[in-house]
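In: I would like to see how this sequence folds:
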Amino acid sequence: MPPDQINGIVALCGEEDVIPRLISALKSLSHRAWSGYKIVTEDGSSYDISALDKVRSNLAIGCCLAESKDYKMALHGTVYHPEGFNFAKLREVSKEGLGRASELLSQLDGDFTFVMIKDDELIYGRDPLGVKPLYFARDFSTFGVASEIKALKAVGFKNIERVRPGSIHRSSLKRGESFLFSKIMPASPLRVGMDEASDTILNLLSESIRRRVRGLDGVVIGFSGGLDSSLLALITSKLKKVTLLSLYAKGSKDEEDVKDSARSLGLDLEELQIDLEQVRNRIGLVKHLIESDRTMDLAIGLGVHLAAEKCSQMGHKTIFLGQFADELFGGYAKYVRALREMGEESAEKTILQGVLDGHKNNFERDEKASSPYAEVRLPYANIDLVRYALSLPLSLKIGRGEDRRKLVLKEVAMKAGLPRDIILKRKRAFQYSSGLQKLVRVAKD
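Out: Model (predicted):
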């Protein structure tokens, strides 16, 4: 993670001193505090958490730091474009109202949440796709915002809600104002063929990757051997040195698939074999981190968690994943089933809903799972790519046959030069192909 970033946020606004509760909330996020904590109060002063015995404030932001530094606002995440964007601009334009701030935010490509203090209020928001998690809650005397549910629970909040992706808010104890600066909407299908669509997707994905590798010495990619992660690896390898990182249970399908695909790509492969004892030792921690006990979430979260840990041990603080390609391009069997059983309109609605629910079904879990060790970056979760994918005719994504999925992405892969054996490989979801889902089920019994 770049040294100028924060790894987690808590902010409280109350009728009385909020510092003791803020400290409790921050300590519940100790796994994010790679380099300690910092608290910024309403007068703009900042303090280390160890120096707060005499500090009093009814409005404060607490930051879990990746590197020690002073902050006048809390930005968790990264703005990839425009290059060199200074988030401090938001502080200035917010003086003109949230409408002006919304205009600025709508121009950004990034994964971020932010909180700032303005007068007696908190101004906060979240990126358009919700890649970074953010929640809020209110009781009779306090309003709070945090990167994780557990931080708000730690200070007594009961009714906790997600901050809507693509929104900015101004809140105090007595009033509130909200703007939606980016909304994912169903689009009328473009009249484009496979050739034009695949060219555009390749350009958009390549640009998304280029933005996300900027400033990194090398890139670690979570690798399952399938189309999504292999295409990501191939394009990225033309920009940076790539190391593929795969984890799986002994005897799983991925054990051989990842080796074969890595050889076809000619890229370095790091392997991590997971057994039942490791799962039993980590499953409690992963459950705590991701704030879910669903078997599928635990299996995927465990994989992301262990991959992030290995990534950190390899000397990297950023891991790339191929997450979101299935949602954008029709990779799930349920999309084909909806087309066959209920028609095109139903299939299109199912795909759109998968995109809209990406933050709560995938992004939040994976970000939390990786948070003790590394930052997750998701090149497929680029707002321009998402909007273009949603505008494509359904026929470019799926057909009625069982193997008729991600049609346009396969064409993209052909044009990018991905080996044909990888493109045509039948691949199950990671939690199944890696064997982690089976191990988690046994560990939970």
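In: Enumerate every residue touching residue 172.
Out: By C-beta atoms under 8 Å, 6 or more residues apart in numbering, the residues touching residue 172 are 13, 120, 121, 122, 143. Backbone N, C-alpha and C define where each C-beta goes, glycine included.
In: okay, which residue is most central for this protein?
Out: With distances taken as C-alpha atoms, centre = their mean, residue 131 lies nearest the centre of the chain, 3.3 Å away.
In: Please name the nearest non-neighbouring residue to that residue.
Out: Nearest non-adjacent residue to residue 131, counting by C-beta to C-beta, 6 or more residues apart in numbering: residue 111, 3.8 Å away.
In: can you give me how far the strand or helix carrying the one you found is from the chain middle?
Out: Per DSSP states H and E: residue 111 is located in strand 109-118. From the chain centre to the centre of strand 109-118 is a distance of 14 Å (C-alpha atoms, centre = their mean, to the nearest Å).
In: How about residues contacting the next helix or strand after that strand?
Out: Using DSSP H and E, the next helix or strand after strand 109-118 towards the C-terminus is strand 121-126. Identification of contacts with strand 121-126 by C-beta under 8 Å, 6+ apart yields 11, 13, 59, 61, 94, 98, 101, 105, 112-117, 132, 134, 136, 143, 145, 163-172, 181.
In: Filter those residues down to the ones in strands?
Out: 11, 13, 59, 61, 112-117, 136, 143, 145, 167-171 (DSSP state E).
In: Any stretches of the stretch 251-400 of the chain with poor pLDDT?
Out: For the stretch 251-400 of the chain, no stretch is flagged by pLDDT under 70.
In: and if you look at the stretch 1-150 of the chain?
Out: Ranges of the stretch 1-150 of the chain meeting pLDDT under 70: 1-4, 50-54, 67-72.
In: Show me the helices in it, by range?
Out: With DSSP state H, counting those that start in this stretch as the criterion, the stretch 1-150 of the chain has helices at 19-27, 88-93, 98-105, 149-153.
In: Now mean neighbour count and distance to residue 247 too, for those helices, in JSON lines please.
Out: Listed next are the helices of the stretch 1-150 of the chain as JSON lines, based on neighbours: other C-beta atoms under 10 Å; distance: least, C-beta to C-beta, whole Å:
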{"stretch": "helix 19-27", "mean neighbour count": "21", "distance to residue 247": "30"}
{"stretch": "helix 88-93", "mean neighbour count": "15", "distance to residue 247": "38"}
{"stretch": "helix 98-105", "mean neighbour count": "18", "distance to residue 247": "36"}
{"stretch": "helix 149-153", "mean neighbour count": "22", "distance to residue 247": "26"}
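In: Now the buried members of the contacts of residue 172.
Out: Neighbour counting over the contacts of residue 172 (16 or more other C-beta atoms under 10 Å) leaves 13, 121, 122, 143 as the buried ones.
In: Just the strands from the stretch 151-300 of the chain, written as ranges.
Out: Counting by DSSP state E, counting those that start in this stretch, residue ranges of the strands within the stretch 151-300 of the chain are 160-162, 167-171, 176-180, 218-222, 241-249, 268-274.
In: ok and the fourth one relative to strand 268-274, angle-wise?
Out: When you say that, I think you mean strand 218-222. Following axes from the mean of the first three to the mean of the last three C-alpha atoms, to 10 degrees, one obtains 40 degrees for the angle between strand 218-222 and strand 268-274.
In: can you check the longest one too?
Out: For strand 241-249 against strand 268-274, the angle between stretch directions is 20 degrees (the same axes, to 10 degrees).
In: Ok, which of the helices of the stretch 1-150 of the chain comes nearest residue 444?
Out: For residue 444, the closest of those is helix 149-153, at 20.6 Å, according to C-beta to C-beta.
In: quick one: that closest one to chain centroid distance?
Out: Using C-alpha atoms, centre = their mean, the mean C-alpha position of helix 149-153 is found 19 Å from that of the whole chain.
In: May I have it as PDB, with CA atoms only?
Out: The C-alpha trace of helix 149-153 is given here as PDB (Å, rounded to 0.1, in the frame of the first residue of the first chain):
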ATOM      1  CA  ILE A 149     -19.400  -2.900  11.300                       C
ATOM      2  CA  LYS A 150     -17.500  -4.100  14.300                       C
ATOM      3  CA  ALA A 151     -16.100  -0.600  15.000                       C
ATOM      4  CA  LEU A 152     -19.600   0.900  15.300                       C
ATOM      5  CA  LYS A 153     -20.800  -2.100  17.400                       C
END
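In: what about residue 44, neighbour count?
Out: A count of nearby residues for residue 44, using other C-beta atoms under 10 Å, gives 10.
In: Same check on residue 185?
Out: So residue 185, with other C-beta under 10 Å, has 10 neighbours.
In: Kindly report the same for the one 4 residues further on.
Out: For residue 189, the count of nearby residues is 14 (other C-beta under 10 Å).
In: ok, now how distant is the spatially closest residue to it that is not a sequence neighbour from residue 187?
Out: Sequence neighbours aside, residue 393 is the residue nearest to residue 189 in space, at 4.4 Å (criterion: C-beta to C-beta, 6+ apart). Using C-beta to C-beta, to the nearest Å, residue 393 is found at 11 Å from residue 187.
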